[in-house]
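Enquirer: output the structure for:
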Amino acid sequence: MMDNLYQLAEEDGLEIGDRSMTANSHRALLLAEAAKEAGSEAFYRLNDRIYSAFFAEGQNIGDEEVLKTIAKEAGVSAEIVQRAWEDPRYENILTENLRAAISSQVSGTPTFFFGEERVTGAVPLDVLQKAAERWVNQQH
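Expert: Model (predicted):
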């Protein structure tokens, strides 16, 4: 599986370093939900920075101090960071996302839905494009 991930990352010009740990990403997910309220630019900067920190740099994105630094580097305010971990709205969003995934029988991430067809896992772009084309063709 990792070989496929490394190959896909290389094809897309993404850096993946050696993987020596698994991190609990729950706090990072809460932070991402809160960052959405600061706008799409803030969310995507944070998302890109979290990706790089974990996959390329091997940082522990489960560590609050690491996440605070990442958020600052991405231009996400300390207030948003604190709110992400204290406001129950974000935990509720994650819970609802989990319920939806269970209800839809999602078995892995990422999972993409094209009507009734699903594509699960790190797959080449052409696999997603072909699934999208099949779905579009079914709509006509």
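
Enquirer: where's the residue nearest the centre of the chain relative to Val119, distance?
Expert: The residue lying closest to the centre of the chain (CA atoms, centre = their mean) is Asn47, at 6.9 Å. Taking CB to CB, to the nearest Å as the criterion, Asn47 is separated from Val119 by 20 Å. For glycine as for every other residue, the C-beta is placed from the backbone atoms N, C-alpha and C.

Enquirer: how about Asn92?
Expert: Using CB to CB, we find Asn92 at a distance of 28 Å from Val119.

Enquirer: do Glu65 as well
Expert: Between Glu65 and Val119 the computed distance is 36 Å (CB to CB).

Enquirer: more neighbours: the two, which one.
Expert: Neighbours around Glu65 and Val119, counted as other CB atoms under 10 Å, are more numerous at Val119. The numbers are 15 against 8.

Enquirer: am I right that the more buried one falls within a helix?
Expert: No. Inclusion of Val119 in a helix is not indicated when DSSP: H, G, I helix; E, B strand; the rest coil is applied; the result is strand.

Enquirer: what bridges to it?
Expert: The residues listed as beta-bridge partners of Val119 by DSSP bridges are Phe112.

Enquirer: which residues touch it?
Expert: By CB atoms under 8 Å, 6 or more residues apart in numbering, the residues touching Val119 are Thr111, Phe112, Val127, Leu128, Ala131.

Enquirer: quick one: low-confidence parts of the protein?
Expert: In the predicted model, the chain carries pLDDT under 70 at residues 1-21.

Enquirer: where along it do the strands fall?
Expert: Ranges of strands in the chain, per DSSP state E, are 111-114, 117-120.

Enquirer: the ones you listed: which one's closest to Ile61?
Expert: In this view, the strands of the chain are compared for proximity to Ile61 by CB to CB, and strand 111-114 is the closest at 20.8 Å.

Enquirer: quick one, domains of the protein?
Expert: With automatic domain parsing serving as the domain definition, the record reports that the chain contains domains spanning 2-103, 107-140.

Enquirer: comparing the ones you listed, which comes out most buried?
Expert: Mean neighbour counts were taken over those using mean count of other CB atoms under 10 Å, and the top value, a mean of 15, falls to domain 2-103.
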